[in-house]
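Peer 1: build the 3D model from these lines:
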Amino acid sequence: MENAARQADARGDERQGLKILEGALKRAAGDEPELQAVQEYRDELIARIKGL
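Peer 2: This next block holds a predicted model:
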């Protein structure tokens, strides 16, 4: 999530941040404590990309 945040926030590259997060979510086992936060950040990036 840190890499995605760095790409999206610090570098302004929301699409690359989303790509990183989606890759991490595909590899996730589903029981990680930070999984919900990652999914929420993913939703936020999608909203930014769509201009919502």
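Peer 1: next SSE after the lowest-mean-pLDDT helix or strand in the chain?
Peer 2: Sorting the helices and strands of the chain by mean pLDDT, DSSP states H and E puts helix 2-5 at the bottom, at a mean of 81. Next along the chain after helix 2-5, taking DSSP states H and E as the criterion, comes helix 14-27.
Peer 1: show me what that following helix is packed up against.
Peer 2: Contact here means 3 or more Cβ pairs under 8 Å, 6 or more residues apart in numbering; DSSP states H and E; on that basis helix 14-27 packs against helix 2-5, helix 35-50. No exception for glycine: its C-beta is placed from N, CA and C like everyone else's.
Peer 1: what mean pLDDT does it get?
Peer 2: Mean pLDDT, computed over helix 14-27, is 89.
Peer 1: for that helix, buried residues please.
Peer 2: Residues of helix 14-27 classed as buried by neighbour count (16 or more other Cβ atoms under 10 Å): 14, 16-18, 20-21, 24.
Peer 1: same check, this time on stretch 33-40
Peer 2: For stretch 33-40, burial by neighbour count (16+ other Cβ under 10 Å) applies to Val38.
Peer 1: what's in contact with that stretch?
Peer 2: By Cβ atoms under 8 Å, 6 or more residues apart in numbering, the residues outside stretch 33-40 that reach it are 1, 21, 24-25, 28, 32.
Peer 1: show me the residues around the spatially closest residue to Asn3 that is not a sequence neighbour that make contact.
Peer 2: Distances taken as Cβ to Cβ, 6 or more residues apart in numbering put Ile20 closest to Asn3, at 5.3 Å, once the chain neighbours are dropped. The contact partners of Ile20, taken as Cβ under 8 Å, 6+ apart, are 3-4, 7.
Peer 1: cool, Arg42 as well?
Peer 2: Applying Cβ under 8 Å, 6+ apart to Arg42 gives the contacts 18, 21-22, 25.
Peer 1: let's go with 10 Å and repeat that
Peer 2: 1, 4, 17-18, 20-22, 24-25 (Cβ atoms under 10 Å, 6 or more residues apart in numbering).
Peer 1: I'd like those residues laid out as CSV, including distance to Lys50.
Peer 2: Shown next, in CSV, are the contacts of Arg42 (distance: Cβ to Cβ, whole Å):
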residue, distance to Lys50
Met1, 21
Ala4, 17
Gly17, 14
Leu18, 11
Ile20, 18
Leu21, 16
Glu22, 15
Ala24, 21
Leu25, 19
